[in-house]
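Quick one: sequence plus predicted model below, questions after.
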Amino acid sequence: MNKRMLLGAILIGASLMVTACGSSQQPSSGSQTQPSSNRGESPDASQIEVTVYRGNQDASAVVKEKAKVSKVEDTEKKMLVLFGLLKEKGKDTVPSVPEKVSLNSVKLAGGVLTLDVSQNVQSMSSAEELMFVEALPSTVFDNFPEVTTVKFTIDGKPAEALSQTDVSKGISRP
């Protein structure tokens, strides 16, 4: 009987540690909130969990990560938060959007999300561009179920290519 109680205590402790570790990733953009003082109630309703894709340690592939952010209903504001997260390092990951690239505006119409990015996107290295083209649409598709295609404009003008990748038809949901 004592072995079962000890095993139960260990399992509860381990699950509390995993839960605490998993919730530590917060954006550094000031959107953190204080933990709720309402013990025994559901998690803080002002936060949501989002999925972001960043590069692994050697930037050879993208890795799916979870983060908690302040709840935002507006598509443009939510996309700005996600874009900011993609520019940050994770626990064991590197940014998938170069610091020099900025998001000017976001427009959602008929399942097409158009992201207007800065001209700096055209000076990305091949490795940066591959990471960007894989991570950004994956992040969009995981967080916006209504989006079927991601299109790009560069400083307000339709983008034929970023630096090398043809994006003239957009990137469609797999």
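Thanks, I have the structure now.

Residue 153 and residue 117 touch, don't they?
Yes - using C-beta atoms under 8 Å, residue 153 makes contact with residue 117 at a distance of 7.5 Å. Using the backbone N, CA and C atoms, a C-beta is placed for each residue, glycine as well.

more crowded one of the two?
More neighbours surround residue 117 than the other of residue 153 and residue 117, with 22 against 16 (other C-beta atoms under 10 Å).

ok, that one - contacts?
101, 102, 103, 104, 152, 153, 154, 159 (C-beta atoms under 8 Å, 6 or more residues apart in numbering).

Which among those residues count as buried?
Burial by neighbour count, 16 or more other C-beta atoms under 10 Å: within the contacts of residue 117 this picks out 101, 102, 103, 152, 153, 154, 159.

if you look at those, which of them are in strands?
Judged by DSSP state E, the subset of these located in strands is 103, 152, 153, 154.

Dig out what the third one forms beta bridges with.
Translated: residue 153. For residue 153, the residues forming beta bridges with it (DSSP bridges) are residue 116, residue 158.

OK, contacts around it?
Taking C-beta under 8 Å, 6+ apart, we find residue 153 in contact with 114, 115, 116, 117, 159.

ditto for residue 162
When the contact criterion is C-beta under 8 Å, 6+ apart, the partners of residue 162 are 121, 122, 124, 129, 132, 133, 152, 154.

which residues touch whichever strand or helix holds the fifth one?
When secondary structure is defined using DSSP states H and E, the element that contains residue 132 is helix 126-143. By C-beta under 8 Å, 6+ apart, the residues outside helix 126-143 that reach it are 50-55, 59, 62, 64, 78-79, 82-83, 86, 96-98, 101, 113, 115, 121, 124, 147, 150, 162-165, 167, 171, 173-174.

The residues you listed in helices, which ones?
When helices are assigned by DSSP state H, the members of the contacts of helix 126-143 inside them are 78, 79, 82, 83, 86.

and the most centrally placed residue in the chain, what does it touch?
For the chain, the residue nearest the mean C-alpha position is residue 52 (2.6 Å; C-alpha atoms, centre = their mean). For residue 52, the contact set (C-beta under 8 Å, 6+ apart) comprises 64, 65, 66, 67, 82, 85, 86, 90, 96, 135, 139.

Of those, just the buried ones, ChimeraX syntax please.
Written as a ChimeraX command, the selection of buried residues from the contacts of residue 52, which uses 16+ other C-beta under 10 Å, is:
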select :65,67,82,85,86,90,96,135,139
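
picking that back up, what's the farthest-apart pair in the contacts of residue 117?
102 and 159 (14.6 Å; C-beta to C-beta).
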